[in-house]
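*Asks:* Task: produce atomic coordinates for the following.
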Amino acid sequence: MQDAAITANTKIPNPDIKLLVVDIDGTIVGDDNSVRKIVKQAINRARAKGIRTAIATGRMYCSALQFYKEVISDLPIIAYQGAWIQEPITNVNHCHLVVPRLITEKLLEYFEQPKLRDILSVHFYINDKLYVRELSQDTKAYAQRSGVKPIPVGDLRKTLDNEPTKILALCQDHNIINQLMQNIRYQYNPNQLYLTKSLPTFLEAAHPQVNKGTAVKYLAEEILGLLSRNVMTIGDNFNDLEMIEYAGIGVAMSDAPAPVKAAAQWVAPSFKEDGVAVAINRFLLGNSRG
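*Replies:* Okay, here's the model as predicted:
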């Protein structure tokens, strides 16, 4: 937790905040895959005060566009955990980092060992398209929620003329995902590969320089000329940890993992309780109503 801890009773708007960055899934979007009206209203009121809003997500860029429009952002989308930063209005791409081919091949070899092949769905994201070995039930559910069309190719090695922006392994067994995370972290240090989870069933791998904190820092400082104290971030999972740590006001949702909540300056109510609206009202608008 940062030194200037914010108490639960704080209701005075922070005049330093000029940029609000929100995660999508579990933060502004729940199981129904839509942003609630009360959250949109809170974001609109913050915008009326001159506070700009950006999206930072593990989703594909094309999948994030819908929510960019819903919150009426005019800033670049931070997608793929920060590996891809692009402005929808101009299509200018500020950042695109990829997983090196050699590491990609090694990870695929590991995921396809006999004891894992039939229980993992492996996704390669290349040039904002989703490539899979086959259309598993996990992949179909993911695609429906994300609004993307997976491209089955059989052998994913066929795709490696281009290196992937992100690699995702899906498994409904949380323990398997946790064990995979532990095993891969033993093989690769943080200077070689960025590993995170945006859901308990997702293991995600990206370029070592990738994380939402670095991406938000770039957006705030390089594009907007702001400082960390001018930024408020809200997220709900391990992939939001770095941006919560970076921000002047870092907010975690109440159902975030314990280490994420420990890093936050304040813990908001859950998505079902419109936690984002509560946080915006409390810290940016100066009242405690959601």
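*Asks:* all strands for this protein, in order.
*Replies:* For the chain, applying DSSP state E gives strands covering 19-22, 52-55, 77-79, 84-86, 93-96, 121-126, 129-132, 151-152, 166-170, 194-196, 202-206, 231-235, 249-253, 266-268.
*Asks:* could you dump these to TSV with mean neighbour count, mean pLDDT and distance to Asn183?
*Replies:* (Each C-beta comes from the backbone N, C-alpha and C, glycine too.) Shown next, in TSV, are the strands of the chain (neighbours: other C-beta atoms under 10 Å; pLDDT from 0 to 100; distance: least, C-beta to C-beta, whole Å):
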stretch	mean neighbour count	mean pLDDT	distance to Asn183
strand 19-22	26	98	32
strand 52-55	21	98	32
strand 77-79	28	98	27
strand 84-86	24	98	27
strand 93-96	16	97	28
strand 121-126	23	98	15
strand 129-132	20	98	22
strand 151-152	13	98	27
strand 166-170	24	97	11
strand 194-196	22	96	11
strand 202-206	24	96	10
strand 231-235	28	98	26
strand 249-253	28	98	27
strand 266-268	22	97	31
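*Asks:* As a quick check, tell me the outermost residue of this protein.
*Replies:* Summary for the chain: using C-alpha atoms, centre = their mean, the residue whose C-alpha lies farthest from the chain's mean C-alpha position is Pro114, with a distance of 30.7 Å.
*Asks:* quick one: which of the strands of the chain is nearest Glu222?
*Replies:* Across those, the minimum distance to Glu222, taken as C-beta to C-beta, is reached by strand 93-96, at 8.2 Å.
*Asks:* by contact count, what packs against that closest one?
*Replies:* When contacts are defined as 3 or more C-beta pairs under 8 Å, 6 or more residues apart in numbering; DSSP states H and E, strand 93-96 sits against strand 84-86.
*Asks:* follow-up on the earlier one: quick one, which of the strands of the chain gets closest to Val39.
*Replies:* Nearest to Val39 among these is strand 19-22; the distance by C-beta to C-beta comes to 8.7 Å.
*Asks:* Which strands or helices does the closest one pack on?
*Replies:* Based on contacts counted as 3+ C-beta pairs under 8 Å, 6+ apart, the elements that strand 19-22 packs against are helix 37-48, strand 52-55, strand 231-235.
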